[in-house]
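Trainee: Quick one, fold the following:
(3 chains)
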Amino acid sequence: VYNETMNMSVASDQPQFPLLSKSNPVFCCYLFWSSLLILKMLCMSLLTARQRIKTKTFANPEDLRMGRTPEVRFNDANVERMRRAHRNDLENVLPFLLMSLGYVASGPHPLTAKLLIRIGASARLLHTIVYACIPLPQPARALSFFITFGIVSFEAIYVLICAIKYI
Amino acid sequence: VYNETMNMSVASDQPQFPLLSKSNPVFCCYLFWSSLLILKMLCMSLLTARQRIKTKTFANPEDLRMGRTPEVRFNDANVERMRRAHRNDLENVLPFLLMSLGYVASGPHPLTAKLLIRIGASARLLHTIVYACIPLPQPARALSFFITFGIVSFEAIYVLICAIKYI
Amino acid sequence: VYNETMNMSVASDQPQFPLLSKSNPVFCCYLFWSSLLILKMLCMSLLTARQRIKTKTFANPEDLRMGRTPEVRFNDANVERMRRAHRNDLENVLPFLLMSLGYVASGPHPLTAKLLIRIGASARLLHTIVYACIPLPQPARALSFFITFGIVSFEAIYVLICAIKYI
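Mentor: Numbering: from 1, shown residues only, chains lettered A, B, ... in the order given. Model (predicted):
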């Protein structure tokens, strides 16, 4: 009985490895780009900290001695730009990472999946550059934003259709 | 030796498939509802953008030309409500998605798990409706908030107990 | 042919179980500590709510009747400290959880991986204590922040190198 089940499984078009494992090249591609995006997100904290020190804008009383400033300050334009860029990452990079994981697990076509992960992640790297590093005139930021936005939407709709009967 | 190990595994009460794979109906149920929640989170960005355009409240100088407004503005009540609803999603939907993934991986009872995922996700959809779409008097928002809050807590405690010996 | 492939797999130094499953002690360790961190993040909502009620600082008009206050208020120092601590969790705990999941999936040395997960998670628990519960003078908060920051960076670089050929 056991051998028969194995043969059936071999005969199907399903891959012979778990989709969320190192044996799946699509998952490896996801691992690479998700690590890069998380590293980029960590950099946002450092960029904000640099602006805080440069403009002496500290939000906590216990940070004042370190920065040799007399009182807490808020709403510095440079610090706030970094914080908006960082928050935008929380709102878009984290859903992209979670959704792409679900998308990879749902067994999409490998070439399509790898392409979407690469373009989606690259667009977010670009978004940070045009938002936080070298503020460019619109629609640079809007374009890079909507590329990843569109890819996450596509992945979500793909998985919704795949898993609709488990609603 | 190999065959014996396989038979032992067959005899145990463990399911015959990896828990984080398409073969597991509970994971498929998770995939469906997590995609729906992520799609909903993306909508928050659009709702905020609509309020920004409607009230001409732009936070970045480079957005002013697009909106034909003379200067940056903050603290518009309608924009801020959307941003609070969006932030509430970051604080609760993302932990719900990560925790439910760990919960599914820890092999809970399938019916319980599917029920918790369905109710938890539905309550978050409801939360957005009563917070951002049609602001309802309390305790509508508090109720929908605490349903998912309770479910995430339950899942976390369940997994903590399952995995306590790996502390 | 099938038996030969299996034997090859048995001969390699790869573990015989999927890395993202209950059979992997490293994944179980991840499950334990990620559940604890998510439970801790949920507590941030309760801490903020307690400060809001104590200082009668409500951001939504529909919350005023519940708190018996005449108007909405913002920028209370105690509430804002909790919200900054909570936002810091979103910026660091969620990337830690996602990155550690990818790190576990990439098959690191079990002892190293378990150590990094335990230290990274404990440092975030400490961060909340010195930021939100008992505000301590610096560098208490900076130290606990940079421990997890360093661990997430290490995990990201490890996975980047492992998966570099899938770029």
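Trainee: Quick check: A:Ile119 touching A:Ile147?
Mentor: Yes. Counting by CB atoms under 8 Å, A:Ile119 touches A:Ile147, with 6.5 Å between them. The way it works is simple: take the backbone N, C-alpha and C, and place the C-beta from them, glycine included.
Trainee: shaky segments in chain A?
Mentor: Applying pLDDT under 70 to chain A picks out residues A:1-16, A:67.
Trainee: what are the ranges of the helices in it?
Mentor: A:2-11, A:25-55, A:64-67, A:77-105, A:110-128, A:140-162 (DSSP state H).
Trainee: Buried residues, the fourth one. List them.
Mentor: Read it as helix A:77-105. Buried residues in helix A:77-105, counting neighbours by 16 or more other CB atoms under 10 Å in any protein chain shown, are found at A:78-83, A:85-105.
Trainee: Report the separation between A:Thr148 and A:Leu126.
Mentor: Here A:Thr148 is placed at a distance of 9 Å from A:Leu126 (CB to CB, to the nearest Å).
Trainee: Who are the contact partners of the nearest residue to A:Met44 once chain neighbours are set aside?
Mentor: Among residues not flanking A:Met44 along the chain, A:His86 sits closest, at 4.1 Å (CB to CB, 6 or more residues apart in numbering or on different chains). Contacts for A:His86 (CB atoms under 8 Å, 6 or more residues apart in numbering or on different chains) come out as A:41, A:44-45, A:48, C:91.
Trainee: can we see that at 7 Å?
Mentor: By CB atoms under 7 Å, 6 or more residues apart in numbering or on different chains, A:His86 lies in contact with A:44, A:48, C:91.
Trainee: Work out which residue lies at the spatial centre of chain A.
Mentor: Taking CA atoms, centre = their mean, the centroid of chain A lies closest to A:Val93, which sits 2.7 Å from it.
Trainee: who in chain A is up against chain C?
Mentor: With CB under 7 Å from any CB of the partner chain as the criterion, chain A meets chain C at residues A:18, A:20-22, A:25, A:28-29, A:31-32, A:34-36, A:38-39, A:41-42, A:45, A:59, A:62-63, A:66, A:86, A:90, A:94, A:97.
Trainee: Get me the contact residues on chain A for chain B.
Mentor: Proximity of chain A to chain B (CB under 7 Å from any CB) is limited to residues A:2, A:18-20, A:84, A:90-91, A:94-95, A:98-99, A:102, A:105-107, A:135, A:137-138, A:149, A:152-153, A:156, A:159-160, A:163-164, A:166-167.
Trainee: still on that earlier bit, let me have the contacts of A:His86 in CSV, adding distance to A:Ala142 as columns.
Mentor: Below are these laid out as CSV (distance: CB to CB, whole Å):
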residue, distance to A:Ala142
A:Met44, 19
A:Thr48, 23
C:Glu91, 24
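Trainee: Next, the buried residues of stretch A:66-74.
Mentor: Quick answer for stretch A:66-74 (16+ other CB under 10 Å): A:Arg73.
Trainee: same deal with stretch A:140-160?
Mentor: For stretch A:140-160, the neighbour count (16+ other CB under 10 Å) marks A:140-142, A:144-145, A:147-149, A:151-153, A:155-156, A:158-160 as buried.
Trainee: and what of stretch A:115-133?
Mentor: A:116-117, A:120-124, A:126-132.
Trainee: Centre of the chain to that stretch, how far?
Mentor: 9 Å (CA atoms, centre = their mean, to the nearest Å).
Trainee: ok, now which ones touch A:Tyr158?
Mentor: Applying CB under 7 Å, 6+ apart, we find A:Tyr158 in contact with A:103, A:108.
Trainee: do A:Ile167 as well
Mentor: B:Phe32.
Trainee: let's see 10 Å
Mentor: A:160, B:28-29, B:32-33, B:36, B:114, B:118 (CB atoms under 10 Å, 6 or more residues apart in numbering or on different chains).
Trainee: so which two of these are the farthest from each other?
Mentor: Farthest pair in the contacts of A:Ile167 (CB to CB) is A:Leu160 and B:Lys114. Separation: 16.3 Å.
Trainee: about what we covered before: so which of the helices of chain A is nearest B:Arg73?
Mentor: helix A:77-105 (13.0 Å).
Trainee: Helix C:77-105 and that closest one, what's the angle between them?
Mentor: Angle of helix A:77-105 versus helix C:77-105, following axes from the mean of the first three to the mean of the last three CA atoms, to 10 degrees, is 40 degrees.
Trainee: so what's A:Glu155 up against?
Mentor: A:Glu155 makes contact with A:95-96, A:99-104, A:106, A:108, A:113, A:116-117, A:120, B:35, B:38-39, according to CB under 10 Å, 6+ apart.
Trainee: And for A:Pro139?
Mentor: A:130, A:145-146, B:62, B:66.
Trainee: Looking at the contacts of A:Ile167, state which has the most neighbours.
Mentor: Of all these, B:Trp33 has the most neighbours under the rule other CB atoms under 10 Å in any protein chain shown, reaching 26 neighbours.
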